[in-house]
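> Okay, here's the prediction I keep looking at, along with the sequence it came from:
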Amino acid sequence: MTLRVLSVASEAAPLIKTGGLADVAGALPAALARQGVEVTTMLPGYPAVLAALGKTRALYKWPALLGTPARLLAGKIGDHDLLVLDAPALFDRAGGPYGDASGQDWDDNWRRFAAFSRAAADVARGAVKGRTFDLVHAHDWQAGLVPAYLRYSDDADAAPVPSIMTIHNMAFQGAFPPEIFPELGLAEAAWHVDGVEAYGQVGYLKAGMQLAYAITTVSPTYAGEIRSAEFGMGLEGIVQARSGCVHGILNGIDTADWNSANDPTLAATFSVSRLASRVRNKRALEREFGLAPGDGPLFIVVSRLTWQKGMDVLAGVLDHLVGIGGRLALLGSGDSEMEEAFLAAAARHPGRIGVRIGYDEALSHRLQAGGDAILIPSRFEPCGLTQLYGLAYGCVPVVSRTGGLADTVIDANPAALAAGVATGIQMNAVTDTMLAMAISRTANLYAQPAEWRRIQKNGMRADFSWGASGAAYAALYRQLTRTQG
Ligand SMILES: Nc1ncnc2c1ncn2[C@@H]1O[C@H](COP(=O)(O)OP(=O)(O)O[C@H]2O[C@H](CO)[C@@H](O)[C@H](O)[C@H]2O)[C@@H](O)[C@H]1O
């Protein structure tokens, strides 16, 4: 039986992306189609999304959705079946999905994403004639109120719709002051610790975790870590209380988008059997970043420059990296102090460190194709995608042993090297010393070309497609709809 799922996300590649959520929301529909699941993705009507959609007819209208007129538009972009919430007062603005061009969050994000969630709940419950859904899949805090609107609906007779709450990053919880509660249009009963209340605030992610039929997160290790206060960040109690419904399902990657044998952004395509061609990408990258030739490894970074990603620690060990003969090409943006620290390091080490502050999808491919090793010293990492792109592209990941990084990289310890299964380098803690040691270990392995090639090839042969994870989501969907049926 074909299952119909409404996937509710605040971003989805290639239409609108600020981070990994977009990659996953963008790739899930194709992965699930292979499992007999039809996914429709619901997105806010940001200018870029409306422009891509073109002219289209409204399927449904809300005269006042949390106080503002809104329409539901439908379209197909590539293989994506889309529903788009066109609410100009909320989403028609310049800047990013969550804030203005300077990165300042919009003051009314609580209203924007409550309206989005309310609309999604209405659609999931069949507001649009001819469009029914068996299950709704909510991603991150921006969709966290969907299960709340389903539970505390005005229409008590409506058939229940099973829901899943997926946590892509527990650090972003969408907690807002209690004064907004009356504006949300939820029943009074929702203001309760078993509902949307979280430490005296309205907790959007908390509400989703509390009220969805199941909670998923994006790796098995992170699913365990968030039971602790350190990683649960205040929501560990719910994770523990609902541990029977918490599932860790590893992200996959879009192997059509990340295919080194057929990637139009590269100077030279390559594959595990044509690894020698890869060097042309390295030369091109050196030119692009103004780096002088060298015998040591060329490290790369493609990252948000934030505390989560351990970028402050990396900035502190760059002199060591250069001192042992390494070079670095970095692409990222984020915290302005970290941006400045990397720019200062580039000025200190001309020809050895090159830095691009910004966001550039094509350049991220060229970095993964030309770099020798990608540095990912995250303090926590629910799954992480850049290590998977690195593995697929022969760019050896150097990672901290946390979350999805622990689940996807096999450390080149003596046992793994002897067994011929190593795919990268792991460090136990994100400190200057540990990171400096990991960088030195990488350089030592790089100096053994046969060993290094083997590590690269092991990674390139590993399967990080959506196959297994798509099947795991489909199995969970079926289990939850059966429970209901
Ligand atoms: N400056 C830049 N230019 C171009 N591309 C850039 C870039 N900076 C980052 N990217 C790209 O953005 C994505 C980031 O993915 P990550 O998995 O690192 O996720 P993020 O922390 O955003 O997401 C959260 O959600 C994802 C999805 O579940 C989890 O994997 C992750 O652990 C969790 O923190 C990658 O596709 C990367 O290539």
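Great, that's in hand.
> List the buried residues for the lengthiest strand in the chain?
Identified as the longest strand of the chain according to DSSP state E is strand 68-77. Buried residues in strand 68-77, counted by 16 or more other C-beta atoms under 10 Å: 70, 71, 72, 73, 74, 75, 77. Where C-beta positions appear, they are placed from N, C-alpha and C, glycine not excepted.
> Now for the second one: which residues touch it?
Pointing back at residue 71 there. Contacts here follow C-beta atoms under 8 Å, 6 or more residues apart in numbering; on that basis residue 71 touches 58, 60, 61, 62, 85, 86, 87.
> got a winner among the residues you listed for most neighbours?
residue 85 (28 neighbours; other C-beta atoms under 10 Å).
> Check the secondary structure at that one for me.
Under DSSP: H, G, I helix; E, B strand; the rest coil, the three-state class of residue 85 is strand.
> same check, this time on residue 425
Three-state call for residue 425 (three-state DSSP): strand.
> what about residue 64, neighbour count?
So residue 64, with other C-beta under 10 Å, has 9 neighbours.
> Count the residues that sit near residue 278.
Neighbourhood size, residue 278 [other C-beta under 10 Å]: 22.
> Flag the shaky bits of the stretch 251-400 of the chain, pLDDT-wise.
Within the stretch 251-400 of the chain, no range satisfies pLDDT under 70.
> how about the strands in it?
Secondary structure of the stretch 251-400 of the chain, counting by DSSP state E, counting those that start in this stretch: strands at 298-305, 327-334, 353-357, 373-376, 396-400.
> So which of those is the most surrounded?
Most buried of those, by mean neighbour count (mean count of other C-beta atoms under 10 Å): strand 396-400, with a mean of 27.
> Show me what that one is in contact with.
Contact with strand 396-400 is made by 299, 310, 372-379, 381, 384, 386-387, 390-391, 405, 409, 423-430, 438-439, 442, 452, 455-456, 459, as judged by C-beta under 8 Å, 6+ apart.
> Using CSV, write out every CA atom in stretch 45-60.
The C-alpha trace of stretch 45-60 is given here as CSV (Å, rounded to 0.1, in the frame of the first residue of the first chain):
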residue,chain,number,x,y,z
GLY,A,45,6.6,30.9,0.9
TYR,A,46,9.9,32.7,1.0
PRO,A,47,10.6,34.8,-2.1
ALA,A,48,13.0,32.2,-3.5
VAL,A,49,10.5,29.4,-3.1
LEU,A,50,7.6,31.4,-4.7
ALA,A,51,9.8,32.5,-7.6
ALA,A,52,10.8,28.8,-8.3
LEU,A,53,7.1,27.8,-8.1
GLY,A,54,6.0,30.4,-10.7
LYS,A,55,2.4,31.2,-11.3
THR,A,56,0.0,28.8,-9.7
ARG,A,57,-3.5,28.6,-8.3
ALA,A,58,-4.4,28.6,-4.6
LEU,A,59,-5.6,25.2,-3.3
TYR,A,60,-6.8,26.6,0.0
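> got the buried residues for it?
For stretch 45-60, burial by neighbour count (16+ other C-beta under 10 Å) applies to 45, 46, 49, 50, 52, 53, 59, 60.
> Find the pair from these with maximum spatial separation.
52 and 60 (20.0 Å; C-beta to C-beta).
> Surely residue 458 is within a helix?
Yes - using three-state DSSP, the assignment for residue 458 is a helix.
> before we move on, back to that, now do the longest strand of the chain, average pLDDT.
Strand 68-77 comes out with an average pLDDT of 96.
> before we move on, what about stretch 88-100?
Here the average pLDDT along stretch 88-100 is 96.
> Show me what that stretch is in contact with.
The contact list for stretch 88-100 (C-beta under 8 Å, 6+ apart) reads 10-11, 16, 18, 44-47, 50, 68-70, 85, 101, 103, 105-106, 108-109, 111-112, 115-116.
> So it, near the ligand or not?
No - on the criterion C-beta under 6 Å from any ligand atom, stretch 88-100 is out of touch with the ligand, staying 12.4 Å away.
> export that stretch as PDB, just CAs?
Extracted C-alpha coordinates of stretch 88-100, given in PDB (Å, rounded to 0.1, in the frame of the first residue of the first chain):
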ATOM      1  CA  PRO A  88       3.300  37.600   2.500                       C
ATOM      2  CA  ALA A  89       3.100  39.300   5.900                       C
ATOM      3  CA  LEU A  90       5.200  36.500   7.400                       C
ATOM      4  CA  PHE A  91       7.500  35.300   4.700                       C
ATOM      5  CA  ASP A  92       7.800  37.900   1.900                       C
ATOM      6  CA  ARG A  93      11.000  39.600   3.200                       C
ATOM      7  CA  ALA A  94      14.600  40.000   2.100                       C
ATOM      8  CA  GLY A  95      17.200  38.200   4.100                       C
ATOM      9  CA  GLY A  96      17.400  34.600   5.200                       C
ATOM     10  CA  PRO A  97      14.600  32.200   6.300                       C
ATOM     11  CA  TYR A  98      15.000  33.100  10.000                       C
ATOM     12  CA  GLY A  99      16.500  36.600  10.100                       C
ATOM     13  CA  ASP A 100      17.600  39.700   8.200                       C
END
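> mind checking how far it is from the chain centre?
20 Å (C-alpha atoms, centre = their mean, to the nearest Å).
> Residue 268: what's it in contact with?
Residue 268 sits next to 277, 278, 280, 281 when contact means C-beta under 8 Å, 6+ apart.
> In space, what's closest to it - neighbours in sequence excluded?
Counting by C-beta to C-beta, 6 or more residues apart in numbering, residue 268 lies nearest to residue 280, which is 3.8 Å off, once chain neighbours are set aside.
> Show me which residues of this structure are close to the ligand?
Proximity of the chain to the ligand (C-beta under 6 Å from any ligand atom) is limited to residues 19-21, 23-24, 168-169, 218, 251, 302-304, 331-333, 359-361, 364, 381-386, 404.
> just the helices in the stretch 351-485 of the chain please.
Taking DSSP state H, counting those that start in this stretch as the criterion, the stretch 351-485 of the chain carries its helices at 361-370, 386-392, 403-408, 414-419, 432-446, 449-461, 467-484.
> Buried deepest among the ones you listed, which one?
Mean neighbour count (mean count of other C-beta under 10 Å) peaks for helix 386-392 among the helices of the stretch 351-485 of the chain, with a mean of 26.
> contact partners of that helix?
Against helix 386-392 from outside (C-beta under 8 Å, 6+ apart): 251-253, 255, 258, 260, 302-303, 364, 368, 371, 373-374, 376, 395-397, 399, 404-405, 408-409, 423-424, 459-460, 462, 464.
> 7 Å instead, please
Here helix 386-392 makes contact (C-beta atoms under 7 Å, 6 or more residues apart in numbering) with 253, 258, 260, 302-303, 368, 374, 376, 396-397, 399, 405, 408-409, 423, 459-460, 462, 464.
> roughly how far apart are residue 78 and the ligand?
Residue 78 sits at a distance of 18 Å from the ligand (criterion: C-beta to the nearest ligand atom, to the nearest Å).
> count of neighbours near that residue?
11.
> what's the nearest residue to it if we skip its chain neighbours?
Leaving aside its chain neighbours, residue 78 sits nearest to residue 14 (7.8 Å; criterion: C-beta to C-beta, 6+ apart).
> burial of that neighbour, as a residue count?
If you count neighbours by other C-beta under 10 Å, residue 14 ends up with 15.
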